[in-house]
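Trainee: Here's my sequence, what's the structure:
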Amino acid sequence: MSEDTSFHPKYGSGQTVSPAVSAVSVSIDPDKNSTSVCLTNLGSNVCYIRIGTGTIEATTADYPIPAGQQIAVSKAGGDNVLSHISADGTTLHIIPGEGF
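Mentor: Numbers count the residues shown, from 1 in each chain. Coordinates of the predicted model:
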């Protein structure tokens with residue numbers, strides 16, 4: 001039996017970024033207890049994200065976040081980079097935490 005766990009944000013670690021036509025990477029919490037990242041597309045255009053370590057670069061073949069939507073994705077312990085891109089530009093809020 002599976003159990004749904006609501007998302008528990010790591011308060012004080014959120015950041016708002018502006019995805020644009022070129023991929024940009026930002027640091028996220030590498031703590032193994034931060035097993036998820038909640039992403040809120042505050043803008044009116046789709047953006048794409050990739051989570052990992054080291055040098056990574058999001059492309060339009062990565063995970064899409066539709067305009068006006070909020071999603072939570074899991075991340076591996078130690079993942080400390082999120083790359084984002086949006087051909088038409090948007091605003092994305094990123095906050096690590098636990099659960100979905």
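
Trainee: where's Ile51, which helix or strand?
Mentor: strand 47-52 (DSSP states H and E).

Trainee: packing partners for that strand?
Mentor: With contacts taken as 3 or more Cβ pairs under 8 Å, 6 or more residues apart in numbering; DSSP states H and E, strand 47-52 sits against strand 36-41, strand 63-65, strand 81-85. Where C-beta positions appear, they are placed from N, C-alpha and C, glycine not excepted.

Trainee: which residues does Asp31 contact?
Mentor: 10, 77, 96 (Cβ atoms under 8 Å, 6 or more residues apart in numbering).

Trainee: got a winner among the residues you listed for most neighbours?
Mentor: Counting neighbours by other Cβ atoms under 10 Å, Pro96 leads these with 24 neighbours.

Trainee: Relative to whatever helix or strand that residue lives in, what are the paired strands and their orientations?
Mentor: Element membership for Pro96 (DSSP H and E) is strand 92-98. Strand 92-98 has the following strand partners under DSSP bridges: strand 8-9 (antiparallel), strand 15-17 (antiparallel), strand 36-41 (antiparallel).

Trainee: The longest one: how far from the chain's middle?
Mentor: The chain centre lies 5 Å from the centre of strand 36-41; the measure is Cα atoms, centre = their mean, to the nearest Å.
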